[in-house]
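Asks: Model the structure of this input:
(one chain, ligands or ions: 1)
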Amino acid sequence: MSQIGNTIPATLIPGDGIGPEIVSAVTDVLATLGAPFEWDTQLAGMAAMASSGDPLPLKTIDSIRRTGLALKGPLTTPVGGGFKSINVTLRQEFELFANVRPARTLIPGGRFDDIDIVLIRENLEGFYAAMEHYMPIGHDPRAVAIASGFNSRTECRRIIRYAFDYAVKNGRRKVTIVHKANILKVLTGIFLEVGHEIAKEYEGRIEMNERIVDACAMQLVLDPWQYDVIVTTNLFGDILSDLIAGLVGGLGMAPGANIGTDAAIFEAVHGSAPDLAGKGIANPLALLLASEIMLQHVGRKDLADRLTAAINDVVLTDGVRTRDLGGIADTRTLTEALKQKLA
Ligand code: NAD
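Replies: Next up, the predicted model:
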């Protein structure tokens with residue numbers, strides 16, 4: 001991240017599907033808020049594919065390398081067919097080792113009230129290393145499907161230490177290490193082992209406990225309030241973060257931050273929602289909440305707090321909500337209501 005005068009250069013990726021609609025809503029709101037970002041708009045995903053034949057053009061990579069900061073709309077990844085996810089590529093290219101997904105109840109009266117859980121997911125290793133292949137048997141060239149994953153001690157240390165540091169910095173009390181070391185004794189055993197080692201450094205400051213991933217999934221539904229910060233491996237983190245998003249009203253409210261040492265990319269947890277694209281009814285809140293974390297990341301907690309207050313006023317007090325949250329507002333109506341609060 002670099003600061004030029006009062007502005008902070010940041011890369012803006014509109015993305016695919018509903019991406020351009022929600023990105024434009026968010027940049028509108030941020031402009032009214034007086035956010036310091038000076039956007040360098042670049043393409044990725046299907047939009048980039050259509051314009052340059054490359055889903056992740058060098059120009060986009062160069063821009064993120066220069067700014068060290070990006071706000072990204074969702075990208076469509078075709079299923080199968082040797083097309084590597086751009087999201088995964090970006091995480092690997094910039095070594096964005098931590099995926100941080102906070103989930104907080106915004107609208108009370110849902111199935112669960114007062115949820116406040118932060119899931120921190122290891123972002124580079126596990127089964128996402130995409131080492132997959134088929135093994136032929138007889139006449140069937142694809143008779144057996146094989147995937148291997150890996151977790152390195154170095155990366156386990158980095159992500160678990162990040163989770164404990166996050167807990168300290170953000171006034172949280174507990175970190176839960178989620179694993180499957182009873183079955184994947186080596187692959188996730190190393191994660192648990194490192195978890196115990198790091199927890200000792202924080203003894204007396206941050207409580208640590210551990211859960212097997214399946215038990216964790218059940219408890220998240222039966223008694224989610226026992227969780228504070230969760231740290232886990234890549235695939236478990238992917239699944240559990242969607243489950244946790246469901247506790248607070250679904251994907252339309254779930255922001256995510258991909259943090260590395262030299263760069264950070266902020267995004268909504270949801271995808272490009274092709275079913276809603278072009279209809280102007282998508283919920284921009286998840287991406288807006290991601291921009292709020294981005295403001296905190298660049299040291300503008302003052303603006304992040306003003307944004308939180310405006311979202312609370314509009315969504316909670318005034319009841320302006322998109323359809324996924326049971327309301328009737330379209331993207332523009334919600335955007336204008338937020339801008340009015342911040343003007
Ligand atoms: P999705 O998150 O796009 O949609 C799932 C459901 O949630 C749909 O019913 C959709 O209408 C709804 N939804 C999602 N975002 C919403 C919003 N902002 N407002 C209201 N409703 C919303 O998941 P999917 O359909 O499985 O994936 C579609 C594409 O997105 C795929 O190509 C997938 O690979 C990609 N994807 C990208 C990212 C990313 O870029 N970070 C994340 C997940 C999926």
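Asks: Could you use CA atoms for every contact and neighbour count after this?
Replies: Will do.
Asks: Tell me the backbone dihedrals of the most centrally placed residue in the chain, please.
Replies: In the chain, the centroid-proximal residue (C-alpha atoms, centre = their mean) is Gly256; its distance is 2.1 Å. Per-residue torsions, Gly256: phi -140, psi 150 (degrees, to the nearest 10).
Asks: which residues sit in contact with it?
Replies: Listed by C-alpha atoms under 8 Å, 6 or more residues apart in numbering, the contact partners of Gly256 are Asn99, Val100, Arg101, Pro102, Phe266, Glu267, Ala268, Val269, Ala290.
Asks: For it, which non-adjacent residue is spatially closest?
Replies: Nearest residue to Gly256, sequence neighbours excluded (C-alpha to C-alpha, 6 or more residues apart in numbering): Arg101, at 4.7 Å.
Asks: Number of residues surrounding the nearest residue in space to Asp242 that is not next to it in sequence?
Replies: Spatial nearest neighbour of Asp242, excluding adjacent residues (C-alpha to C-alpha, 6+ apart): Leu251 at 7.2 Å. As a burial measure, Leu251 scores 22 neighbours (other C-alpha atoms under 10 Å).
Asks: contacting residues for Leu251?
Replies: Taking C-alpha under 8 Å, 6+ apart as the test, what Leu251 contacts is Asp242, Ala245, Val269, His270, Ala286.
Asks: and if you look at Ala263?
Replies: Ala263 makes contact with Met1, Ile64, Arg65, Thr67, Gly68, Leu69, Phe94, Leu96 under the criterion C-alpha under 8 Å, 6+ apart.
Asks: let's go with 6 Å and repeat that
Replies: Gly68, Leu69 (C-alpha atoms under 6 Å, 6 or more residues apart in numbering).
Asks: cool, and the one 3 residues further on?
Replies: Phe266 makes contact with Leu71, Ala257, Ala290, according to C-alpha under 6 Å, 6+ apart.
Asks: In TSV, list the residues you listed along with secondary structure, pLDDT and neighbour count.
Replies: Below are the contacts of Phe266 laid out as TSV (DSSP: H, G, I helix; E, B strand; the rest coil; pLDDT from 0 to 100; neighbours: other C-alpha atoms under 10 Å):
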residue	secondary structure	pLDDT	neighbour count
Leu71	strand	98	27
Ala257	strand	97	25
Ala290	helix	97	26
